[in-house]
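In: okay, sequence plus prediction incoming.
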Amino acid sequence: MDTKDVLLRKEADGMRHYQRCGAESGIAGVSLFFAMLSEDELRHAQALRALQDGVRVELTQSPTLEGAKRILRTLSVREAALSDFDGDLDCYLQAMDYESQSADLCCQLAREAGRGWQRDLFLRMAAEDEMHFTLIEHMRELLESTSADGVYDAE
């Protein structure tokens, strides 16, 4: 299995993982957050498939960063909504691991591509994966800082 195939599998695994994390959260904003991440993973997978078919791929900028920032800001001021969280925070660590591995694979593919549009594609995908990692980390920290009864943990 070559690096592109491994990356394609990672994108599909990440998409399913995000769908599960969102469904288990019990919070509409968190579910939307993971739906946006899942959509990005789908975009990446579609780009990889097109590339394998010999098609030149232009990956448009994802709206996920702006949407996720809005969700994080909203949830941070509505701490009571976080008391409905029913998910597993380990799910977030696994998601961060997916993104880290995907970013590493994209960087490897960018190095192998050398120059040109394929290199740019892989670098853009790596940048989005790094952004996902940071956003997931922020969401995890926000949820972790809130105890089960909705009271903010000042630690």
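Out: Yes, it's here.

In: OK, contacts around Ala103?
Out: By CB atoms under 8 Å, 6 or more residues apart in numbering, the contact set of Ala103 is Ala126, Asp129, Glu130, Phe133. No exception for glycine: its C-beta is placed from N, CA and C like everyone else's.

In: can you pull the contacts of the third one?
Out: Under the criterion of CB under 8 Å, 6+ apart, the contact list for Glu130 reads Glu99, Ala103.

In: what's the pLDDT at it?
Out: At Glu130, the model reports a pLDDT of 97.

In: that one sits in which helix or strand?
Out: helix 117-144 (DSSP states H and E).

In: quick check, nearest of the contacts of Ala103 to Lys10?
Out: The closest of these to Lys10 turns out to be Asp129 (CB to CB; 9.3 Å).

In: distance from the helix holding Glu130 to the middle of the chain?
Out: In terms of CA atoms, centre = their mean, to the nearest Å, the centre of helix 117-144 is found 6 Å from the chain centre.

In: any buried residues in it, and which?
Out: Across helix 117-144, burial judged by 16 or more other CB atoms under 10 Å covers 118, 121-126, 128-133, 135-136, 139-140, 142-143.

In: stretch 55-64 now?
Out: For stretch 55-64, a neighbour-count test (16+ other CB under 10 Å) marks Val57, Leu59, Ser62, Thr64 as buried.

In: likewise for stretch 75-94?
Out: Neighbour-count burial for stretch 75-94 flags Leu75, Ala81, Leu82, Phe85, Gly87, Cys91, Tyr92, Gln94 (criterion: 16+ other CB under 10 Å).

In: and those residues, which two are furthest apart?
Out: Ala81 and Gln94 (23.7 Å).

In: out of the buried residues of stretch 55-64, list just those in helices.
Out: Judged by DSSP state H, those include Thr64 as members of helices.

In: that older thread, need the buried residues of stretch 75-94 in JSON lines (columns: distance to Lys10, secondary structure and pLDDT).
Out: Listed next are the buried residues of stretch 75-94 as JSON lines, based on distance: CB to CB, whole Å; DSSP: H, G, I helix; E, B strand; the rest coil; pLDDT from 0 to 100:
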{"residue": "Leu75", "distance to Lys10": "27", "secondary structure": "helix", "pLDDT": "91"}
{"residue": "Ala81", "distance to Lys10": "31", "secondary structure": "helix", "pLDDT": "75"}
{"residue": "Leu82", "distance to Lys10": "29", "secondary structure": "helix", "pLDDT": "83"}
{"residue": "Phe85", "distance to Lys10": "26", "secondary structure": "coil", "pLDDT": "83"}
{"residue": "Gly87", "distance to Lys10": "22", "secondary structure": "coil", "pLDDT": "80"}
{"residue": "Cys91", "distance to Lys10": "16", "secondary structure": "helix", "pLDDT": "90"}
{"residue": "Tyr92", "distance to Lys10": "17", "secondary structure": "helix", "pLDDT": "93"}
{"residue": "Gln94", "distance to Lys10": "12", "secondary structure": "helix", "pLDDT": "94"}
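
In: I am finished for the moment; much appreciated.
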